[in-house]
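Undergrad: return atomic coordinates for the entry below.
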Amino acid sequence: MVRGHDAAAAARRLALNPAGAHKACHSASGLREFMLRFFRRPGWRPLFAGLSGSFAHTLLMYAKSRSGILPSFQPYQQLQITLGHWIGSDIHPLVPWAMSYLNGSIVVGFAFARLYPRLPGSSGAAKGLLFGVVGWALMMLVFFPLLGMGLFAARLGLGIWPAVFSLAMFLTYSIVMGIVYVALIPGSAPARNPD
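TA: Now for the predicted structure:
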């Protein structure tokens, strides 16, 4: 385990020793090559990209909760209530989150992988952006009304803010997913630092 002052000393040694920096760069390159070999197996790339997008989405929802943004807009709680009504019994609060992770990691990740070659744009971020906007529109026009929130969550009485935050949720998920998906394509070049 490296302590804080040991880490600083190691960083200074790397700065003073270009060969050490080259080794560190080489080991990072080796890790990337290992990951690219691993993700050549069918199914892993969209799964990992979807999971990465889900994780980014979860971080945004955590930040929303901690900062108190739109406290009365709780889509997962609304999903929990609606599922409970449909099933006729109480639903544990983790069920909507688990459904979101499974959906985001598996279903949406594989849908993105299938649509990726057909999506316009020259980067994973651009393709993810378009994918996210389409997903957001579907949520606003189909899913929110099913949950009783109305089109664009208008029944909540919070103005445009639930729709705007939902767009941020979708774009956070889809852009991260697109970037990770492209980064794991064999033969894609890692970003270089233009020294």
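
Undergrad: quick one: the residue most central in space within the chain from His85, how far?
TA: For the chain, the residue nearest the mean C-alpha position is Gly53 (1.3 Å; Cα atoms, centre = their mean). Distance of Gly53 to His85, computed by Cβ to Cβ, to the nearest Å: 29 Å. (C-beta placed from N, C-alpha, C; glycine too.)

Undergrad: the bottom helix or strand of this protein by mean pLDDT?
TA: Within the chain, no helix or strand scores below helix 4-16, which has a mean of 48 by mean pLDDT, DSSP states H and E.

Undergrad: circling back to that earlier point, so the residue nearest to the centre of the chain, which of the three states?
TA: helix (DSSP: H, G, I helix; E, B strand; the rest coil).

Undergrad: what's the separation between it and Tyr101?
TA: 10 Å.

Undergrad: and what of Phe152?
TA: 25 Å.

Undergrad: quick one on the thing from earlier: give me the neighbour count for the closest residue to the residue nearest to the centre of the chain other than its chain neighbours.
TA: Spatial nearest neighbour of Gly53, chain neighbours left out: Met177 (3.3 Å); criterion: Cβ to Cβ, 6 or more residues apart in numbering. Met177 has 32 neighbours, counted by other Cβ atoms under 10 Å.

Undergrad: who's in contact with the closest residue in space to Ala153 that isn't next to it in sequence?
TA: With Cβ to Cβ, 6+ apart as the criterion, Ala153 has its nearest non-adjacent residue at 3.7 Å, and that residue is Pro162. Taking Cβ atoms under 8 Å, 6 or more residues apart in numbering, we find Pro162 in contact with Leu70, Phe73, Met149, Phe152, Ala153, Leu156.
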